[in-house]
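Participant: fold the following for me, if possible:
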Amino acid sequence: MSRVFLSHSSRDNPQAIALKQWLVEQDPGLADEIFLDLDPVTGIASGERWKEALRRANERCEAVICLLSAHWEASRECLAEYRTAENLGKLILCARLEPLAEEGITGEWQRCELFGNGPTTGIRVDVDGENNTVVFLTEGLQRLHRGLRRAGIGAEHFVWPPPNDPGRAPYRGWEPLEEADAAVFFGRDGQIVSGLEELRGMRSSGVKSLFVILGPSGAGKSSSLRAGLLPRLRRDDRHFLPLDIVRPERNA
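Facilitator: Prediction:
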């Protein structure tokens with residue numbers, strides 16, 4: 001399953017290819033993590049229905065990068081991809097290729113500018129047998145890369161041992177894992193993604209409601225909250241402000 005979906009207009013194919021190429025150069029582990037429909041390995045296979053393939057890839061991913069341009073805003077397919085991601089509670093990262101109106105359907109999300117004044121990075125790509133050089137603002141690329149790393153769901157995206165507790169044991173015995181243990185809390189990526197999507201959906205709807213983690217004793221409910229959801233919500237500080245744990249016990 002690709003963890004990142006790259007939404008772009010077909011008129012911006014060179015830019016989309018260049019962006020994925022640059023991100024993979026910075027972090028080779030992203031090679032199989034970014035879904036780009038044009039990619040011969042991770043993209044849409046020959047004979048596959050492209051609309052259905054795009055919908056499935058969007059639903060399964062953890063984050064969506066919207067490569068914004070006038071072409072993107074004029075594309076019904078791109079807008080549908082965005083709406084699907086928004087409705088599913090995905091984390092959305094926006095990167096602009098050119099000046100656009102500040103307000104729009106993506107206005108809530110923080111944007112990275114890949115154009116403008118400053119040092120630039122040129123990326124050579126091959127599109128339909130032709131060599132192209134795509135130029136991006138270097139600061140915007142680096143900002144997008146940082147945002148993508150911060151959005152990482154897997155335990156491998158957290159530091160171990162914790163900088164403030166270098167001698168911390170990875171095995172906690174009967175104690176639940178805490179936020180500091182996010183790097184060694186494996187095997188729950190699917191549940192974590194589902195939980196984050198539910199919480200983002202609750203936030204965007206504006207309806208006051210309650211999110212409950214339910215399971216038998218010893219199933220790992222506390223660890224799922226403390227080492228799973230809370231560290232990732234704390235990274236998304238533009239949208240969430242996690243509070244301290246409260247244990248009312250008999251004093252509710």
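Participant: show the pLDDT at residue 13.
Facilitator: Here, the pLDDT recorded for residue 13 equals 92.
Participant: likewise for residue 102?
Facilitator: 67.
Participant: ok, now residue 248?
Facilitator: Confidence score, pLDDT, at residue 248: 80.
Participant: ok so it is a strand residue?
Facilitator: No: assigned with DSSP: H, G, I helix; E, B strand; the rest coil, residue 248 falls outside any strand and is coil.
Participant: and it, how far is that from residue 32?
Facilitator: 45 Å (C-beta to C-beta, to the nearest Å). All C-beta spots, glycine's among them, are computed from the backbone N, C-alpha and C.
Participant: then residue 231?
Facilitator: For residue 231 relative to residue 32 (C-beta to C-beta), the value is 24 Å.
Participant: so where's the stretch 51-200 of the chain uncertain?
Facilitator: 51-60, 102-103, 153-154 (pLDDT under 70).
Participant: what are the ranges of the helices in it?
Facilitator: 70-74, 76-87, 138-150, 189-205 (DSSP state H, counting those that start in this stretch).
Participant: dump those helices into JSON lines; add mean neighbour count and distance to residue 217 as well.
Facilitator: Output for the helices of the stretch 51-200 of the chain, formatted as JSON lines (neighbours: other C-beta atoms under 10 Å; distance: least, C-beta to C-beta, whole Å):
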{"stretch": "helix 70-74", "mean neighbour count": "17", "distance to residue 217": "49"}
{"stretch": "helix 76-87", "mean neighbour count": "17", "distance to residue 217": "35"}
{"stretch": "helix 138-150", "mean neighbour count": "17", "distance to residue 217": "34"}
{"stretch": "helix 189-205", "mean neighbour count": "16", "distance to residue 217": "17"}
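Participant: residue 26: which of those is closest?
Facilitator: Residue 26 lies closest, by C-beta to C-beta, to one member of those: helix 138-150, at 5.5 Å.
Participant: neighbour count for residue 231 and residue 32, which is higher?
Facilitator: The residue with more neighbours, out of residue 231 and residue 32, is residue 231; 21 against 14, by other C-beta atoms under 10 Å.
Participant: SS state for residue 230?
Facilitator: helix.
Participant: mind listing what it touches?
Facilitator: By C-beta atoms under 8 Å, 6 or more residues apart in numbering, the contact list for residue 230 reads 179, 242.
Participant: I'd like to know how far it sits from residue 242.
Facilitator: 5 Å.
Participant: what is the neighbour count of the closest residue to residue 150 other than its chain neighbours?
Facilitator: Spatial nearest neighbour of residue 150, chain neighbours left out: residue 235 (4.9 Å); criterion: C-beta to C-beta, 6 or more residues apart in numbering. Neighbour count of residue 235, defined by other C-beta under 10 Å: 18.
Participant: perfect, I'm done here.
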